[in-house]
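>>> Kindly generate the corresponding structure for this input.
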Amino acid sequence: MAEFSLPKDFKFYEALTSLDGRFRSNVEDLSEYFSEKASNKGRVQVEIEYLVFLCEKVIKLQLSATEIKNLRKIYQDFSNEDTEAVIKIDLEINHDTKAVELFIGARLRRLKLEKLVPYVHFCLTSADTDNNAVSLSLKNFLQEVYLPQTKKLIAALGALAKRTKSDVILGKTHGQPAVPTTMGKELINFALRAYKRLKHMQDYQVEGKMSGAVGDFNAHLAAFPELDWPKLSAEFVTGLGLRPFLFNTQILPYDNYVYIFQQVKMLNYVLIALAQDVWRYISDDYFLLKLNEKEVGSSTMPQKVNPIDFENSEGNLTIANGLLETLARKLGVSRLQRDLSDSTTIRNIGTALGYLLIGVKSVLAGLSRIRPNMAKISQDLNRDWSILTEGVQTELRKEGVADPYSQVATLARGGHIDQEKWQQFLESLPIEKSKKTTLKKLTPETYTGLATKLTDRAIGEIMASRKK
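This is a model prediction of the structure:
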């Protein structure tokens, strides 16, 4: 029984997943990297480049510049019609990689290059073609889509942090009023955490392999025993733009994919935390949302303007992380020299990265719509001056006052202290008048420690790293 058959035509609103349905326009560019067409185009690219490499390095068959150009156009100009031609063969023989080999053979005959047909897929196993094709797709997606989008997000977050670095807000721990901080410092924390993860990926080289049926170059050595096949394999894989890995079974160990998935997943957790915090700031009126006149916030409550971008981000990044975790768990394991469960699993890499891309784009969209509500922030900040008790009891400790924590806690715990009551409390403290005067200068707006300087420092670290 064939693995698949051609589906009936469908509209986007008939799609089973939101990626090919409601959110198709947000992720359709990923088809260039992870669709069935992209998969076959990648296989054709690897096979053609290997054929050119064999002619030059192994069989010493001289190809003209025109012939090489025409060979490369087979994958450079790979069209929908070409995809359908491969699929037609695949439906007959039920083997996608062999279908690519037969497709290339037909193209070679059309180019009057029949002499090259025996060398298509020469000494290779399907995984040599497939693993390199997937690695190229993953590498290109990271470099051309994911890293630029993530850098754009970090830049937007950094710019917002810079604008709000002096905007003092009420910090909360356990959901309760704690001490003041600044909005900029809280936001730049997320930007710096995201950038740390980004640095682990931006220079990372995705691996490739070209070593035959069980990774031992058996057929290669049988055909050309005089050649240094590990060296040739490394040279070819490097030429593809991948990092060669020589110690394989039939398949490339997916540890390098797993590493990427884990880094992406950790960055997603940073963005999920950011989305949740901004959602809460919006809920508390610390951020206001820009109004879209045509947008409906509720079917029954016309006053509502909802933080849907941050909610969409949280939901889609959570789905992405679930899929990335599944991919990491499955791809790290393969029975003996190879089983086929990895083949069907890696077809879902694009699905995971599709949900990821929606999440990243949603955060970006959300950040562009928010602005601080300083009136509400100031109101909450000055509602209860007991948020300054940390500083007071620390000063009392410094002055040697016995059990200052209890003295302050008796006043502050469980109630709200306005500015007048706060000043009266400070007057009652058993310390010198000059110390009281110093403490009276503390206000919710000024008790922010190094928040502004830390924000500037974090922005500087990100900018310095980006310039390297």
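>>> chain center to the lowest-mean-pLDDT helix or strand in the chain, what's the gap?
Every helix and strand of the chain was ranked by mean pLDDT, DSSP states H and E. The lowest is helix 404-412, at a mean of 72. Relative to its chain's centre, helix 404-412 lies at 47 Å (C-alpha atoms, centre = their mean, to the nearest Å).
>>> What is that helix packed up against?
Helix 404-412 sits against helix 389-398, with contacts defined as 3 or more C-beta pairs under 8 Å, 6 or more residues apart in numbering; DSSP states H and E. Any C-beta I mention is one placed from the backbone N, CA and C, and that applies to glycine too.
>>> quick one: the helix it packs on to helix 404-412, angle?
Computed by axes from the mean of the first three to the mean of the last three C-alpha atoms, to 10 degrees, the angle separating helix 389-398 from helix 404-412 equals 150 degrees.
>>> after the least confident helix or strand of the chain comes which helix or strand?
Sequence-wise, the next helix or strand downstream of helix 404-412 (DSSP states H and E) is helix 419-427.
>>> for residue 180, what are its contacts?
168-171, 381, 387, 444-445, 447-448 (C-beta atoms under 8 Å, 6 or more residues apart in numbering).
>>> Need the contact partners of the least confident helix or strand of the chain.
Residues from elsewhere that reach helix 404-412, judged by C-beta under 8 Å, 6+ apart: 386, 389, 392-393, 396-397, 401, 417, 425.
>>> Equivalent analysis for stretch 264-279, please.
Contacts for stretch 264-279 (C-beta under 8 Å, 6+ apart): 146, 150, 153, 157, 186-187, 190, 193-194, 197-198, 201, 287, 307, 310-311, 313-314, 317-318, 320-321, 324-325, 328, 356, 359-360, 362-363, 366-367, 370.
>>> buried sites along it?
Residues of stretch 264-279 classed as buried by neighbour count (16 or more other C-beta atoms under 10 Å): 264-265, 267-268, 270-272, 274-275, 278-279.
>>> how far does it sit from the chain's center?
That offset, for stretch 264-279, works out to 11 Å (C-alpha atoms, centre = their mean).
>>> same thing with stretch 36-43?
Centroid separation for stretch 36-43 versus its chain: 23 Å, with C-alpha atoms, centre = their mean.
>>> Could I get the CA-only coordinates of that stretch as CSV?
Provided in CSV are the C-alpha atoms of stretch 36-43 (Å, rounded to 0.1, in the frame of the first residue of the first chain):
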residue,chain,number,x,y,z
GLU,A,36,6.8,18.8,-0.3
LYS,A,37,8.1,20.9,-3.1
ALA,A,38,10.9,22.3,-1.0
SER,A,39,11.8,18.7,0.1
ASN,A,40,12.1,17.5,-3.4
LYS,A,41,13.9,20.6,-4.6
GLY,A,42,16.4,20.1,-1.8
ARG,A,43,16.9,16.4,-2.8
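>>> contacting residues around it?
Applying C-beta under 8 Å, 6+ apart, the external contacts of stretch 36-43 come out as 31-32, 75, 78, 80, 82-83, 86-87, 96-97, 99-100, 129-130, 132-134, 136-137, 347.
>>> In helices, which of those appear?
The members of those that map onto helices under DSSP state H are 31-32, 75, 80, 82-83, 86-87, 96-97, 99-100, 129-130, 132-134, 136-137.
>>> The contacts of residue 180: which two are farthest apart?
Pairwise distances across those (C-beta to C-beta) peak at 13.1 Å, for the pair 171 and 445.
>>> Compare these two (neighbour count), which wins?
With neighbours defined as other C-beta atoms under 10 Å, residue 171 and residue 445 compare such that residue 171 has more, 17 against 12.
>>> is it true that the more buried one touches residue 183?
No - between residue 171 and residue 183 there is no contact under C-beta atoms under 8 Å: 10.2 Å.
>>> Residue 60 belongs to a strand?
No - Residue 60 is assigned coil when assessed by DSSP: H, G, I helix; E, B strand; the rest coil, not a strand.
>>> For residue 50, see how far away it is.
Residue 60 sits 15 Å away from residue 50, going by C-beta to C-beta, to the nearest Å.
>>> neighbour count winner among the two?
Set residue 60 next to residue 50 and count neighbours by other C-beta under 10 Å: residue 50 wins out with 25 against 8.
>>> From residue 28, how far off is the spatially closest residue to residue 396 that is not a sequence neighbour?
Leaving aside its sequence neighbours, residue 396 sits nearest to residue 404 (C-beta to C-beta, 6 or more residues apart in numbering; 3.3 Å). Using C-beta to C-beta, residue 404 is found at 63 Å from residue 28.
>>> do residue 365 as well
For residue 365, the distance to residue 28 equals 17 Å [C-beta to C-beta].
>>> Likewise for residue 366?
21 Å.
>>> More neighbours: which of these two?
For residue 366 versus residue 28, the count of surrounding residues by other C-beta under 10 Å is larger for residue 366: 24 against 14.
>>> quick one: pLDDT of the spatially most central residue of the chain?
Computing the C-alpha centroid of the chain and ranking residues by C-alpha atoms, centre = their mean puts residue 264 first, at 4.3 Å. pLDDT, residue 264: 96.
>>> Do a quick rundown of the strands in the stretch 251-400 of the chain.
Using DSSP state E, counting those that start in this stretch, the strands found in the stretch 251-400 of the chain span residues 287-289, 370-372.
>>> For these, state which one has the densest average packing.
strand 287-289 (a mean of 20; mean count of other C-beta atoms under 10 Å).
>>> Am I right that residue 205 sits in a strand?
No - assignment of residue 205 by three-state DSSP gives coil, placing it outside any strand.
>>> Next up, the contacts around it.
139, 242-243.
>>> Turn those into JSON lines, including pLDDT and neighbour count.
Shown next, in JSON lines, are the contacts of residue 205 (pLDDT from 0 to 100; neighbours: other C-beta atoms under 10 Å):
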{"residue": "139", "pLDDT": "96", "neighbour count": "21"}
{"residue": "242", "pLDDT": "97", "neighbour count": "23"}
{"residue": "243", "pLDDT": "96", "neighbour count": "16"}
